[in-house]
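Here is a sequence together with a model predicted from it:
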Amino acid sequence: MRAKIRNLIRIKFKVLLCILFLIYFSDEISAQKLTDTIRIQEVQVFGKRKIEEAGSMVTHIDTLSLQLMKTQTISELLSSYSPVFMKSYGRGSTATASFRGTAPSHTQVFWNGMKLNSPMRGDVDFSLFPVYFIDDISLFHGGSSLQSGSGALGGSVLINNKPDWTDRFSVRYVQKLESFSTAKEYLNVGFGNGRTQLKTRLFSDQSKNDFPYFNYGVLPMHESVQKNAGYAKLGALQELYCRLAKHTLSAKLWAYQNDRDLPQLMSFEGDVRKETQNDWNVRAVGSWKYMTEKSKLELLVGLNRNQLNYFRSSTEASFVNFDSRSKEKSYTANLNFDWKPQEKLSLDWSLSSGYHQVSVFDRAQKIGYDHDRLEFSLLNAVHFQPDSKWLFSFLFRTDLYDRKLIGFIPSFGAEYLVDKKQNVALKLNVSRNYHQPGLNDLYWFPGGNSSLKPEDGYSGDLAISYSKRSDRVILSGQITGFASLIDNWIVWQPSSSGASYWEANNLRKVFARGVEVQFSVHSQFSHDLTFDLKGNYSHSATSNIDAVPSVDGSRGKQLIYIPKDKANLFAEADYKKYYLKLNAPFTGKRYTSSNNVESDYEKVLNPYWLLDMSVGRRIDFKPFLMDVVVGVENLTNSDYMAILWRPMPGRYYSLTIQISYKK
Amino acid sequence: MKGNTKMEEDRRPMTDDRRQKAWGIEHGALSKGHSVWGILLWFFVVQLFFSCSKNPLDTVFFDFSGNKGVYIVNEGNFMYGNSSLSFYDPEAKRVYNDVFQARNSAPLGDVAQSIQIWNNLAFVVVNNSGKIYVIDSRTAEFKGNISGLSSPRYVHVVDSHKAYVTDLYARKITVFDPQTFQITGHIPVNNPKSEFNQHPTEQMLQFKNLVFVNCWSYDNKILVIDSNTDQLVDSIEVFKQPNSMVLDKYNKIWVLTDGGFEGSPYGYEQPGLLKIDAETWEIERSFRFALGDNPLKLCINSTGDTVYYLNRHVWRMSVTDTRIPEQPFINSDYSSSYGGFYSLGIDPLSSEIYVGDAIDHRQNGIVHRYSPSGKLIDEFKVGISPGNFGFKTE
C-alpha cells in the first residue's frame, strides 16, 4: 500500500508540474481577484445586532478563514481561529477540544442541528471533520450554548451546510501535495436551479506521515523517523435542497472512513507492535422548514452511526492485547418553532429528543457492555429589544434523561449599546448548565460507576465589543471575561480500595475563569492592495478547588494539559492576483501533573509559537478559475511537544492547486 | 552496542525549567536544606562540565557508592512516558528525584514496573517501553539496555551469566546475560489450554535451582522453572490471580491472590493467601479474604519470619500464624475514594517498612518510612505513582 501511495504521488507531481508550467506561460491571465468562493465581509459578533443572538457570546468563523483552511480539519481551523484549545496527539491523530479550560466532553458539537458527541465518551474527535465539508461554523461560548442544547459546560460548535441558490452548475477540484508522502484531493460538484439544489463533495487524504525528528526520548539519542503514524481518510457528503413557496426541504448524508496507525511514544523500544484505530461514521439529517413572515416551523430528523475499532497486538508473540469494537447509533428528532410577533420580540420553542444505543465489546479481553439512553430537552426562549439601546434574552431548558429530570436550566443575557456611533456594546450572560455522564463513565467494564451524578455548572460572562467601519478600514474587537464553577466533575483514577482497574467518580469541583480577546483589522490601501490582521488570545485558569486528602497537592492548581494561555495571529496581504498569508498559533505552558510541579524533567510542556506561511496566486482561465498555493508549515522549524513524548514534525511544505468552474 | 554508550548532543531547547532543574533546586524536595545541597552539586557539575561538555547545564552527577539506600520506581502514567527513578538515603534522610533523567538526560520511559539491583548494577524494567535500562546503582549512570521486549515485568538474576525477565504478553521468559546485556535465550511458557491462551509471568523467586514464577492476570498458576536447563518443568495451581509471593525462612512460598474482579470473564472469587512448601510444592495452608478486599504487594522482613501486605492498610502476619490478622498493623488514614497505600517495600537489612502513596496518580507521590515496629520515621515526596522499591544493600 505504501508503494502504491508513493507511486500515486509521483504521478500527481508530474501532473501538477505540467499545470504549473501552463499557468506561467499563459497570457490569458486577467486581473480577476476572486476564486469561486464568495469572500463576504466577516460577520462579527457585533456586526449587525441580531435579536436572536442578544446577549450571546458567539464567534462566527468567516468564509475567508474557511477558504484558507479548506484542506485542513476542523481541529486545525479552531486551533488557529478561535480561543478553543485543541489537544491533538499529532498530525493526523485524534484531536479533542477544550473550551475555556473545560474537558473535551464539555464541548458539544452540532451538525446541521443534530448533536454529534459520542454517547459513549461524550467528546468529539475533531480530526474527523474536514473543513471542506462545511459551509458555516460558529462557536457559542459558555452559557450561550444553551440555545442549541444543554451539556456544553465549555461551549458548543455549530457546523452547518447551506445551499447556494445561485448555483446552476459548478465544479471545484482541489489537490494538495504535502511532505511525508501526503496527498489530499477534494471534489465538489453542485447543480440545480432556484428551486432545487444538489451538491456532492468527495475527499481523500492519505499520508505515510513519516516525518524525521530527533529522538531524545531514548539512549543513545539519535535522528529518527516517525513510524506507524500513517493514515487514510475518505469521505463523501451529499446534500439535497428543495424550496416550494413557504416550504424548504433538505437532506444531507455524510459518510466517512478513517484508518490510522497509532505510533508509540519516543521512549518505546519494545518488540514490533501493531496498533490501529478505524473509524466509520454515517450520518444523515432531513429537515422540513415552513416559513411565514413572522414565524418559522422546523422539523428535523437525524441518524448518526459510528463505529470505532481499536486493535493492538505484539506481532512477535502474536498476542492480541485489544480488539475492540465500539458501535454507536443515535436517532434524533427535533421540532422548533420561532415566532416573531414584532420586529423587536422573538420567541422560540424547541423540543428535541435523542435515543442512543451503544455496544462495546473487546474480543481479546472478552469484556464489554451494551446500553442505551433516551433523552428529551425542551427549550423556551424569549429575545426582546425594549429600546434601541437594550437587548435581552431569557431562556430555560428542561431535560429528561435516563429517567432523571433536570427541571430548570436557565440562561439570561443582556446587551447594551453604549455608543452607537463607535458601535461599542456591553454584553452579559449568566447561566446554569449541567452535563450528563457519558455511557462509558456509567457502564464501562470494569470501573464504570452507575451512581455518578451529572456535572453541574454555573457560569457568567461579561463582554465589551467595539467595531468601526470607514471607507478603507474595518476595525473590530471584543474582550470577554468569564467564570464558571463546575461541581461533580468526573475523573477516572485508581480507587483507594486497591483494585487493579480505574474507576469513575465525581471527584472534583473545578473553578474556571479567564479572559478572551479577539480583534480584527481589514484595510484597503488601494484597489489592488488589501491587508487583514486578526488575532485572538485567551487566558483561562482551570483549577481543582476540592482536593480531599490533605496531602493532595492538586488543590488550586491548573488542570493538566490545559494551557493557561493560548493565542493566534493571522495576517494576509493581497496584491492584485497574489496573496501572502501568515498564521502564528501560540500554545502556552502546560502541566502534566496535577500538582503542577514546575521543574521536574519534561513534566512541564514548554510554550511554543508556530509559524505557517503560504503564498498563492489566482488565475483566471475563462471559464475556469484557478488558485495555486505554496505553503510552509512550522516555518521556524520549531522543536516542540504538544503531548508528552510524542514527536511533532519540523518544517514541511505543501503545494495546493484548485480549479473551479461555475456556470 | 549495548554497553557504555556515548551520548549524542542534547538538542532540546534550553528553558528556565531545565536550567532550574540542573541547578538541583527541585532535587530533594521536602526540606529547605536541600537547595544548599543543590548549589553544592551545581558547583560540582560546573567544574566537570566546563571542562568536558558542550551542554553545561544538563547532567547532574550522583555518587551513592557506600550509601545503603532504596531506589523507588515511580511508574508514571500509561502513555505519558513520565516514569522516573528516585533514590532515598535513609541515613541522611535525603531523597534524590529523577535520578535517571538528571544523570543521563533522557527520560526513563513509559510505565516503569520494577527494579532489581545486582552487583553494582540496577535493572530497571520499563514495561510499556518494552525495555530494561541498566544503570550503575552507585551513580545512576546509564550502562546499557535490553530492548525488543513485549511487556516486561520483573528481572531475576540467576547467576553471573544468567538472568530472567518475565513478561505479561510475550508467552515466554527472556533469558539474558546480566554482564553483557545480551539476550541469550527464551523459555516458552505458552499455555494453549487456557481460554485466555497465556501465562502472564510476573514475580520470581529462587529455591535451590528452581525458579518459581507467579502468573497473575487471568491465570492461577505458579510455574516452576529449572534454572540449570532453562526449562519449564511443572506448575502449581493456586487460587485465581496470584499477584505476589515471597519465600520465608522455613522454605515456604507465600502466595497472595487477588481473586480477579467482579464480572471478570476469568471469574471472581475471594482473594487468598497460600503457603506452599518449596521442596514438595504442596499447599500446606490457605487463607481467604472477604470479597471486595484487594490484598496486594506481599513482602517479607529481613529475618524471613513475618510477611506484610497491603489491603487498604498495612497488615502483617507471622509465618507461623494459623489465621490472617484481624487488625491492621499500620492504619491508612484515607477515607476518600482515591489515594491511600499503593506500594510496599521492606528493607532486607533493617526490616524498615516503606509505603508508597500515589495520591491521585497524577502528581508526585509520597513515601512513608516506618520502623519495624510501625513507628513513622520519615516521609518524602517522590515521582508519579511510586510502585516498586529496590534496596541497595552495599
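Ah, there it is.

Phi first, then psi, for residue 66.
Looking at chain A here, since you left the chain open. phi -60, psi -40 (degrees, to the nearest 10).

My question was about chain B, not that one.
Reported as degrees, to the nearest 10, the phi and psi values for B:Gly66 are phi 90, psi -20.

which bits of the stretch 151-300 of chain B sit near chain A?
B:151, B:169-172, B:196, B:198, B:258, B:261-265, B:292, B:294-296 (Cβ under 8 Å from any Cβ of the partner chain). Backbone N, C-alpha and C define where each C-beta goes, glycine included.

mind listing which of these are in strands?
Judged by DSSP state E, those include B:Lys172, B:Leu296 as members of strands.

Just the buried residues from the residues of the stretch 151-300 of chain B next to chain A, in PyMOL please.
To isolate the buried ones among those in PyMOL, judged by 16 or more other Cβ atoms under 10 Å in any protein chain shown, type:
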select buried, chain B and resi 151+169+170+171+172+198+258+261+264+294+295+296
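
Which SSE is immediately downstream of the helix or strand of chain A with the lowest mean pLDDT?
Averaged element by element with mean pLDDT, DSSP states H and E, chain A has its least confident helix or strand at helix A:2-24 (a mean of 49). Following helix A:2-24 in sequence order, the next helix or strand is strand A:58-61 (DSSP states H and E).

Counting by contacts, list what that following strand packs against.
Counting contacts by 3 or more Cβ pairs under 8 Å, 6 or more residues apart in numbering or on different chains; DSSP states H and E, the secondary-structure elements packed against strand A:58-61 are strand A:136-141.

and the residue of chain A nearest chain B?
Per Cβ to the nearest Cβ, A:Gly270 is where chain A lies closest to chain B, at 1.5 Å.

could you list every residue that touches that residue?
When contacts are counted by Cβ atoms under 8 Å, 6 or more residues apart in numbering or on different chains, A:Gly270 touches A:Gln264, A:Ser314, B:Asn128, B:Ser129, B:Gly130, B:Lys131, B:Ser147, B:Gly148, B:Leu149, B:Ser150, B:Ser151.

can you pick the most crowded of these?
When neighbours are counted by other Cβ atoms under 10 Å in any protein chain shown, B:Ser129 leads the contacts of A:Gly270 with 30 neighbours.

Would you check that that one makes contact with A:Asp271?
No: look at B:Ser129 against A:Asp271 with Cβ atoms under 8 Å: they stay out of range, at 11.3 Å.

residue of chain B with the smallest distance to chain A?
Counting by Cβ to the nearest Cβ, chain B gets nearest chain A through B:Gly130, at 1.5 Å.

Tell me how far that residue lies from B:Ser150.
Separation of B:Gly130 from B:Ser150 (Cβ to Cβ, to the nearest Å): 6 Å.

For residue 78, which non-adjacent residue is closest in space?
Looking at chain A here, since you left the chain open. Spatial nearest neighbour of A:Leu78, chain neighbours left out: A:Val84 (4.7 Å); criterion: Cβ to Cβ, 6 or more residues apart in numbering or on different chains.

Chain B was what I was after
Closest residue to B:Phe78 apart from its sequence neighbours, by Cβ to Cβ, 6+ apart: B:Val111 at 5.7 Å.

Report the contact partners of that neighbour.
When the contact criterion is Cβ under 8 Å, 6+ apart, the partners of B:Val111 are B:Glu75, B:Gly76, B:Asn77, B:Phe78, B:Ser83, B:Val126, B:Asn127, B:Asn128, B:Ser129.

now B:Asn145
For B:Asn145, the contact set (Cβ under 8 Å, 6+ apart) comprises A:Leu219, A:Glu269, B:Lys2, B:Lys131, B:Ile132, B:Tyr133, B:Val134, B:Phe181.

Any quick PyMOL command for the buried ones out of those residues?
Typed into PyMOL, the next command selects the buried ones out of the contacts of B:Asn145 (criterion: 16+ other Cβ under 10 Å):
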select buried, (chain A and resi 219+269) or (chain B and resi 131+132+133+134+181)
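
Would you mind giving the contacts of B:Asn145 as a markdown table with secondary structure and pLDDT added?
Shown next, in a markdown table, are the contacts of B:Asn145 (DSSP: H, G, I helix; E, B strand; the rest coil; pLDDT from 0 to 100):
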| residue | secondary structure | pLDDT |
| --- | --- | --- |
| A:Leu219 | coil | 92 |
| A:Glu269 | coil | 96 |
| B:Lys2 | coil | 34 |
| B:Lys131 | strand | 97 |
| B:Ile132 | strand | 98 |
| B:Tyr133 | strand | 98 |
| B:Val134 | strand | 98 |
| B:Phe181 | coil | 97 |
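
And A:Leu80, what's its pLDDT?
Careful, residue A:80 is Ser and not Leu. Listed pLDDT for A:Ser80 reads 86.

what's the angle between the helix or strand encompassing it and strand A:136-141?
Element membership of A:Ser80, judged by DSSP H and E, is helix A:74-81. Angle of helix A:74-81 versus strand A:136-141, following axes from the mean of the first three to the mean of the last three Cα atoms, to 10 degrees, is 60 degrees.

Contacts for helix A:74-81, please.
A:61, A:65-66, A:69, A:84-86, A:88, A:95, A:97, A:126-127, A:129-131, A:134, A:137, A:139, A:157, A:159, A:534, A:536, A:568, A:570, A:583, A:585.

Please verify my assumption that B:Pro228 contacts B:Asn209.
No, residue B:228 isn't Pro; it's Asn. Yes: look at B:Asn228 against B:Asn209 with Cβ under 8 Å: they come within range, at 5.1 Å.

Let me see the contact set for B:Phe289.
The neighbours of B:Phe289, taking Cβ under 8 Å, 6+ apart as the test, are B:Gly259, B:Gln270, B:Pro271, B:Gly272, B:Leu273, B:Pro295, B:Asn311, B:Ile324.

The fourth one bridge partners, please.
Residues found in beta-bridge contact with B:Gly272 (criterion: DSSP bridges) are B:Thr257, B:Arg288.

Dump the contacts of A:Gly270 into TSV; add secondary structure as well.
Shown next, in TSV, are the contacts of A:Gly270 (DSSP: H, G, I helix; E, B strand; the rest coil):
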residue	secondary structure
A:Gln264	coil
A:Ser314	strand
B:Asn128	helix
B:Ser129	helix
B:Gly130	coil
B:Lys131	strand
B:Ser147	coil
B:Gly148	coil
B:Leu149	coil
B:Ser150	coil
B:Ser151	coil
